[in-house]
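> Sequence first, then the predicted structure, then my questions.
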Amino acid sequence: MAPRVQLEKAAWRWVETVKPEDIKLEHIELAYRIRLPACKRGTCRRNCKGNPNCLVGIGEHAWLGEIDENAFHNIDDPNSERRDKNTFVGLTNLGATCYVNTFLQVWFHNLELRRSLYQCHNSICLDNYEPQSICEHLQYLFALLQNSNRKYIDPSGLVKALGLDTGQQQDAQEFSKLFLSLLEDTLSKQKNPSLQNVIQQQFCGQFSYVTMCNQCGRSSALPSRFYELELNIQGHKNITECVTEFLKEEKLEGDNRYFCECCQSKQNATRRIRLHSLPPTLNLQLMRFVFDRQTGHKKKLNTFISFPEQLDMGPFLEGKQGIYQKCVYELSAVLIHRGISAYSGHYIAHVKDARTGDWYKFNDEEIEKMEGKKLQLGIEEDIAETVKSQTRKPKCSKGYHCSRNAYMLVYKVQEEESLDPSRTNVEVPAFLQRLVDQDNHKFEEWCNEMADMRKQSVDKGKAKHEEVKELYELLPARDGEQYEFIPLDWLKKWLDDSTATKEIDCSLFLCSHGKLHPDKVGDSKRVSLQAAQLLYERYGGGPRLDASSLCRECVGQRCRVLRLKNQLNEDFKEVSNLVKRTLSGEGYWVGKASLRSWRQLALEQLEEDEHETKHSNGQTNGQGPHTNNIKEGTEEEMKTFNEDIVCSHGGLSILETERKLVSSDVWTKLREYFPKAPEFTENQEPCQQCLTLEQEEKDNEAVSKMMALDQKNQLLNLFHEKNRPTLTKWPQGTDVLYIVPLFFVDEWRKFIRRPTKSSPVSNVGNTLLLCPHGGFMFTYDSLINGDAQHVALLWPNEWDVISRLFIVDQPISLHCFRQTTPTGSTTQYTTQPDLCWECRESFLFQQQRDLREYTQATIYIRKVIEDKRMVKEAAPELNASSSEAEEDKDEHPKMDGEKDPDFSQLGGIRRSTRHRKLRGEKALIVSANQTLKELKIQIMHAFSVAPFDQNLSIDGKSLTDDLATLGSLGVIPESIICLKADEPIADYAAMDDVYQVRMPEEGFKGEHSTGLLQYL
């Protein structure tokens, strides 16, 4: 089938030979494309919108033929959520809680820990028991992981009890420490003695810090406990090297010398860690996340570390306890961080099943069993390949593994193979099993509900399938049979099973005559009367559109418009030739702008008429047609021809240069296209009202010119700004000066320069310079220091002229009194009206307050190397800043109740435009309530200087209080803060602590480890 545009042109091609009055039924059917042949299946790739008889490609292909019943629903098989036999249960990732899920799986597989946790019974276990505390939530979570029927469970109860932010990824290693500390304190409060020391018995080892004096040889030991060994991996290849460095000697020399109690003085010494005992479960933390001084951020070390499946810790133990203790450990878990950034990525865990010896990968909801009872890190080692320094994975010996993403290794002491089977079986207590059974019951109900919904959807789909197969065969309307029109969109939705079928709505297809609009034929389909009857019976709707709904009026109007559009070009050439001829006989006035663009106007008028016969989307019967605007580039925007010579009173315009006299032949031709255009004959008189107004305007301009000339001659020096009084040196010969707003003088000068274009000034407006109490708002000193920019000073004789020519609401004068005393002469200045001290002080207070309560203001940070350079380069800028601040103090706010825009800039803080940035200086955006600590973080990112290496000062005053706000420290907009950077230090721990300011890695409920136990 031809494209839609070609079909539309073919539908109206007959208008070239048929006049509107000669239209017959066959022409109407051509316009509505009734006789177009229907498309057959397989001939159209998509539906032919221009053909109302094409019923192919509207969605029927999905229903014709056999259909798999799974296509009738989008509900997954609920059994896919069911836990498989002999598998473990996963944990849902709540956003950024994958690090929590990995530790929970590792602790769950610690059978001794799980068994002990189950034995922590509540004093009261009611039938409606619900977990409340963190320990209770952990019990319930472990019970679900053990006996739940679900493939994965939701840990939100425990996460909420811990107060963790599910959208922020915390430090995983810090979380492990805090949580074990929480469990230790919880179990220590149990009445059962066997439970009180479970954490110590499972995870706690002992070592001591041994310090030996080099002078006297005396050694002292400080015993300590550990729950995990934190191993530095930088520069090492395997775990043995990491542990060796952890235990190596450290020299205490220089400022770090050791105070020997035997020598009673500081001496050089050596210090090392002596490992005494190891726990059954040995946690090795690999310190992959370190602070980078250059960037001021934490970074991840992607160093490959080799670790064995069996680890012999015997060589590292000292003392008698090490002789009898079991020192051979087996690898039981590997925690992996996938990603190259320390602040993002994904955590997974590889855990060994203590009962079967099989390895499993726990990735939130997904759990994968490794083949052959071997640890397989697999793709986890490919994630970091995007880093710049790619290193090849070293070859690993048998029984060893290499990883660049492992950050924690869990080893368990090697046990005898002939163990009591009861030790590997952990029973869930009855009170927890009841909760698990309740959750399993809810899961089974959900599965049954989903299965019922699937069945209902399938039954509904099969019924719809039969309906479509029945009706689709009846849809085509055969020649000579009765037919109706159905909206194409409705048919598509009827065949689209994903949406509910609504009633048939044909109201948007109606023309202004209440019949089917010709332009809506392409959006509807002609179907048989029998099919339409069945569809309306089942779905309802209307109005129904049959053969009597073809609109003769719309077809006739469209025919007239199309014929005129075809004739337009020939008429344009004819009018152009007629206008050039000499006028003879009666003439008509036509606007020159209309005459220049009449073809464009005629085309738009025809399109507007055609639009009345067209149907725009969303337009209902009764709405007016859209009016096209004239294209850009025309001199005027005209909606009606010849309106450019119509005055505001409806008469002929008085501007003869804007109109042209044309012959009656030209006017007759134009009237064919613009029958409603205003008509003015050659003898038409121009508008008398416009003539009168024109004369009045000329008279007013003459009066304004005379007024301006008179005022200029009387105030000539004020106009030219010559011989003006100043306050820095009081003029001789007068003891009084008068004050008016500078805005008044500026507006008066505008009127003098262009009296016909500007309005004359009538009022001085001195009230703007007064407070609500009628007092003056400026002092003599403030006028000298900058407030004079808002006022103009007048000589007494000029004030006399001003008083005669303008309305003076309130005179304002400045008086000078000179007195001679035995000690010398003194000069005193006063104002009339007197200064209002109350409003003046209130204004100064508000101005200072504005300087301390700014937001999004600019300050400048200037990095200096030496004090001399700082003074040399920074002094001019600091002086400028200080002077500008002094000027800011004396500025005045806008008076209450005044709305004159002339003084809108009197209030607030003026921004200096004189600041020039120097080399080594950067601008920062800050707020007054921002702390100095937060500013240092901004400076760190701008200059790559760590906060503790920053020495900041402003106007020679050091800024040291990190918790103080910038406003309280005197930092105002446009301030210049000097930055002097200390030499870098090698204290990475201190640097790491400072960085916590920007990226807080907090404990549970926002507290650090010191406040953790309050949640027990």
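Cool, got the structure. Numbering: from 1, shown residues only.

> Can you get me a residue count around the closest residue in space to Gly399 that isn't next to it in sequence?
The shortest distance from Gly399 to any residue that is not its chain neighbour, by Cβ to Cβ, 6 or more residues apart in numbering, is 5.0 Å, and that residue is Glu309. (C-beta placed from N, C-alpha, C; glycine too.) Applying the criterion other Cβ atoms under 10 Å, we find 16 residues in the vicinity of Glu309.

> go on, Asp76?
10.

> any idea how far it lies from Glu934?
For Asp76, the distance to Glu934 under the criterion Cβ to Cβ, to the nearest Å works out to 49 Å.

> Now do stretch 713-730: everything it contacts.
For stretch 713-730, the external contacting residues (Cβ atoms under 8 Å, 6 or more residues apart in numbering) are 712, 731, 734, 737, 745, 749, 752, 780, 783-784, 788, 792-795, 798, 801-802, 805, 814, 816, 827.

> List the buried residues for it?
Across stretch 713-730, burial judged by 16 or more other Cβ atoms under 10 Å covers Gln714, Leu715, Leu718, Phe719, Pro725, Leu727, Trp730.

> will you turn the residues you listed into CSV that also has secondary structure and distance to Lys455?
Compiled in CSV, the buried residues of stretch 713-730 are given as follows (DSSP: H, G, I helix; E, B strand; the rest coil; distance: Cβ to Cβ, whole Å):
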residue, secondary structure, distance to Lys455
Gln714, helix, 101
Leu715, coil, 98
Leu718, helix, 96
Phe719, helix, 96
Pro725, coil, 99
Leu727, coil, 96
Trp730, coil, 103
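
> before we move on, back to that, residues in contact with the residue nearest to Gly399?
Residues in contact with Glu309 (Cβ under 8 Å, 6+ apart) are Glu330, Leu331, Leu375, Gly399, Tyr400, His401.

> Can I get the residues you listed in TSV including pLDDT and distance to Ala946?
As requested, the contacts of Glu309 are exported to TSV (pLDDT from 0 to 100; distance: Cβ to Cβ, whole Å):
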residue	pLDDT	distance to Ala946
Glu330	92	43
Leu331	93	39
Leu375	82	40
Gly399	84	44
Tyr400	88	39
His401	89	37
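
> Drop anything exposed from those.
Leu331, Leu375, His401.

> CSV for the residues you listed, including secondary structure?
Compiled in CSV, those are given as follows (DSSP: H, G, I helix; E, B strand; the rest coil):
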residue, secondary structure
Leu331, strand
Leu375, coil
His401, strand
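
> Nearest to Tyr472 among these?
Leu375 (60.0 Å; Cβ to Cβ).

> Not counting its neighbours along the chain, what's nearest the closest one?
The shortest distance from Leu375 to any residue other than its chain neighbours is 5.0 Å, reached at Trp359 (Cβ to Cβ, 6+ apart).

> just Glu682 next, same as before
In space, and not counting its chain neighbours, Glu682 is closest to Gly587: 4.2 Å by Cβ to Cβ, 6+ apart.

> for the stretch 251-400 of the chain, what spans make up the strands?
Counting by DSSP state E, counting those that start in this stretch, the stretch 251-400 of the chain forms strands over residues 258-260, 265-267, 269-277, 281-286, 289-292, 297-300, 305-308, 310-312, 328-338, 346-352, 359-363, 366-369, 400-403, given from the N-terminal end onward.

> Which among the ones you listed is found nearest to Lys469?
From these, taking Cβ to Cβ, the stretch that ends up closest is strand 366-369, at 42.5 Å.

> Need the contact partners of that closest one.
Where contact means Cβ under 8 Å, 6+ apart, the residues beyond strand 366-369 that reach it are Thr87, Phe88, Val89, Gly90, Asp358, Trp359, Tyr360, Lys361.

> Could you do stretch 114-121 as well?
Outside stretch 114-121, the residues within contact range by Cβ under 8 Å, 6+ apart are 107-108, 135, 138-139, 142-143, 146, 183, 186-187, 190, 192, 194-195, 198, 426-429, 431-432.

> coming back round to it: and the residue nearest to Leu375, what are its bridge partners?
Assessed by DSSP bridges, Trp359 has beta-bridge partners Lys352.

> residues near it, how many?
Taking other Cβ under 10 Å as the definition, Trp359 ends up with a neighbour count of 22.

> these two touch, right, it and Glu371?
No: the pair formed by Trp359 and Glu371 falls short of the contact definition of Cβ atoms under 8 Å, at 9.1 Å.

> returning to that earlier point: farthest-apart pair in the contacts of strand 366-369, please.
Largest separation among these by Cβ to Cβ: Val89 and Trp359, giving 17.0 Å.

> Looking at the contacts of stretch 713-730, which are in helices?
Among the contacts of stretch 713-730, the residues falling in helices (DSSP state H) are Lys712, Val745, Arg749, Ile752, Tyr780, Leu783, Ile784, Glu798, Val801, Ile802, Leu805.

> From Ser803, how far off is the fourth one?
Computed with Cβ to Cβ, the distance linking Ile752 and Ser803 is 18 Å.

> The second one too?
According to Cβ to Cβ, Val745 stands 15 Å off from Ser803.

> And the residue nearest the centre of the chain?
The chain has Gly167 as the residue nearest its centroid, 16.3 Å off, counting by Cα atoms, centre = their mean.

> Please name the spatially closest residue to that residue (chain neighbours excluded).
Of all residues beyond its chain neighbours, the one nearest Gly167 is Gly95 (4.9 Å), with distances taken as Cβ to Cβ, 6+ apart.

> ok, the one you found touching Thr166?
Yes: contact between Gly95 and Thr166 holds when scored by Cβ under 8 Å: they sit 4.2 Å apart.

> Can I have the buried ones of the contacts of stretch 713-730 as a PyMOL selection?
Of those, the buried ones can be selected in PyMOL as follows, counting by 16+ other Cβ under 10 Å:
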select buried, resi 712+737+745+749+752+780+783+788+792+793+794+795+798+802+805+814+816
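
> can you map out the helices along the stretch 801-950 of the chain?
Secondary structure of the stretch 801-950 of the chain, counting by DSSP state H, counting those that start in this stretch: helices at 837-852, 867-889, 932-943.

> how about the first one: buried residues?
Looking back up the chat, that one is helix 837-852. Across helix 837-852, burial judged by 16+ other Cβ under 10 Å covers Cys839, Arg840, Phe843, Leu844, Gln847, Asp850, Leu851, Arg852.

> For the last one, list the residues it contacts.
When the contact criterion is Cβ under 8 Å, 6+ apart, the partners of Arg852 are Ala928, Gly967, Ser968, Ile972.

> what about burial for these, which qualify?
With burial judged by 16+ other Cβ under 10 Å, the buried subset of the contacts of Arg852 is Ala928, Gly967, Ile972.

> pLDDT wise, what is the closest residue to Gln169 other than its chain neighbours at?
On the basis of Cβ to Cβ, 6+ apart, the spatially nearest residue to Gln169 that is not a chain neighbour turns out to be Ala96, at 4.3 Å. Listed pLDDT for Ala96 reads 85.

> isn't Ala96 right up against Gln168?
Yes: proximity of Ala96 to Gln168 meets the contact threshold set by Cβ under 8 Å, at 5.9 Å.

> Those two - which one has more neighbours?
Ala96 (17 against 14).

> Check the gap between Trp446 and Leu145 for me.
Summarising the geometry, the distance separating Trp446 from Leu145, computed by Cβ to Cβ, is 19 Å.

> Which residue of the two possesses the greater neighbour count?
Residue environment comparison for Trp446 versus Leu145 gives the larger neighbour count to Leu145, 21 against 13, counting by other Cβ under 10 Å.

> how many other residues sit next to Leu534?
16.

> same thing with Cys551?
22.

> Provide a list of residues in contact with it.
Counting by Cβ under 8 Å, 6+ apart, Cys551 makes contact with Cys511, His513, Lys515, Leu516, His517, Pro518.
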